[in-house]
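Q: model the following, please.
(one chain, ligands or ions: 1)
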Amino acid sequence: MHPRILVATSNLHKVREIREILGPCFKVLSLVDFGLPSPEETGDSLKENARIKAEYGWRKTGLMSIGEDTGLFVKALKWAPGVYSARFFGGDAKENRKRLLYLMEGERDRYAEFRTVLAVYDGKSVRYFEGILPGWITLKERGRGGFGYDPIFIPEGHTITLAEMESFQKNAISHRGRAFRKFLKWLVKKL
Ligand code: ITT
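A: Residues are numbered from 1 along each chain as shown. Here you go, the predicted model:
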């Protein structure tokens, strides 16, 4: 039987991706499986928010818990929306993409990066792992896969958006995939 691990999120898109990445090693549970609400993200960095989520998950379930916080950092917008990616534009995912594209109208420097920070907490100490995916903001939406800002982001070295990729392709290169694989590497060394 696989060991159980909690990912302290209620975002089911994330959970699906994380299950694909950790699936062979863990039974991945989320806050939804425990009927728990999400904690308030009161930090002003990805690291802080990740820690808040991990400690909350452990406190509520006693399971080894991962807090995962992700943001889209856009150079031409002084690296906004960044840590505030979920609420910066004040709408749902589609509305947020529309507002970001509007702010980027006429902008030539379209560099951006997704950053994910994981905090892993087992009741004793917290460990952090980071994954970064550099790329560009598109001129318009493309693709129906993924979630959040995926339809307006083309990873460096590619010609299609994250939303035009199959999930296994996204996971193989994504900020989230990179951070979780670092975690797995650390875990294997520890065992
Ligand atoms: P939890 O806090 O419950 O984990 P959340 O949806 O609030 O879920 P984040 O704060 O980490 O997650 O995400 C911030 C925003 O970035 C949010 O609007 C997401 O839709 C978006 N986002 C996160 N990961 C993404 C990804 O892989 N691709 C595109 N957008 C993503």
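
Q: going by C-alpha atoms from here, please, whenever you check contacts or count neighbours.
A: Will do.

Q: who in this protein is up against the ligand?
A: Contact residues (C-alpha under 6 Å from any ligand atom) of the chain with the ligand: 9-11, 38, 68-71, 85-86, 147-150.

Q: top of those by number of neighbours, please.
A: Ranked by neighbour count (other C-alpha atoms under 10 Å), those have residue 68 at the top, with 28 neighbours.

Q: thinking again about what came up before, so of the residues of the chain next to the ligand, which ones are in strands?
A: 68-71 (DSSP state E).

Q: now those residues in a markdown table, with pLDDT?
A: Formatted as a markdown table, those follow (pLDDT from 0 to 100):
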| residue | pLDDT |
| --- | --- |
| 68 | 98 |
| 69 | 98 |
| 70 | 98 |
| 71 | 98 |
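
Q: ok so, going back, quick check: the farthest pair among the residues of the chain next to the ligand?
A: 38 and 150 (22.7 Å; C-alpha to C-alpha).

Q: out of the ones in strands among the residues of the chain next to the ligand, who's nearest residue 16?
A: residue 68 (13.5 Å).

Q: was I right about that closest one contacting residue 11?
A: No. Counting by C-alpha atoms under 8 Å, residue 68 stays clear of residue 11, with 10.5 Å between them.

Q: OK, contacts around the residue positioned nearest the centre of the chain?
A: What sits nearest the mean C-alpha location of the chain, by C-alpha atoms, centre = their mean, is residue 70, with 3.9 Å. By C-alpha atoms under 8 Å, 6 or more residues apart in numbering, the contact list for residue 70 reads 46, 83, 85, 114-117.

Q: what residues sit buried inside stretch 134-149?
A: By 16 or more other C-alpha atoms under 10 Å, the buried positions in stretch 134-149 come out as 134-138, 141-142, 145-146, 148-149.

Q: what about the strands in the protein?
A: Counting by DSSP E, the strands of the chain are 4-7, 27-30, 65-74, 80-82, 111-121, 126-137, 153-155.

Q: within its sheet, name the partner strands of the fifth one and how each one runs.
A: Which is strand 111-121. strand 65-74 (antiparallel), strand 126-137 (antiparallel) (DSSP bridges).

Q: identify the residues contacting that strand?
A: The contact list for strand 111-121, computed with C-alpha under 8 Å, 6+ apart, reads 46-47, 50-51, 54-55, 58, 64-76, 79, 126-137, 175-176, 179-180.

Q: re earlier: can you redo the buried residues of stretch 134-149 as CSV with pLDDT?
A: Output for those, formatted as CSV (pLDDT from 0 to 100):
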residue, pLDDT
134, 98
135, 98
136, 98
137, 98
138, 98
141, 98
142, 98
145, 97
146, 96
148, 97
149, 98
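
Q: so what's residue 138 closest to, chain neighbours aside?
A: Spatial nearest neighbour of residue 138, excluding adjacent residues (C-alpha to C-alpha, 6 or more residues apart in numbering): residue 152 at 5.0 Å.
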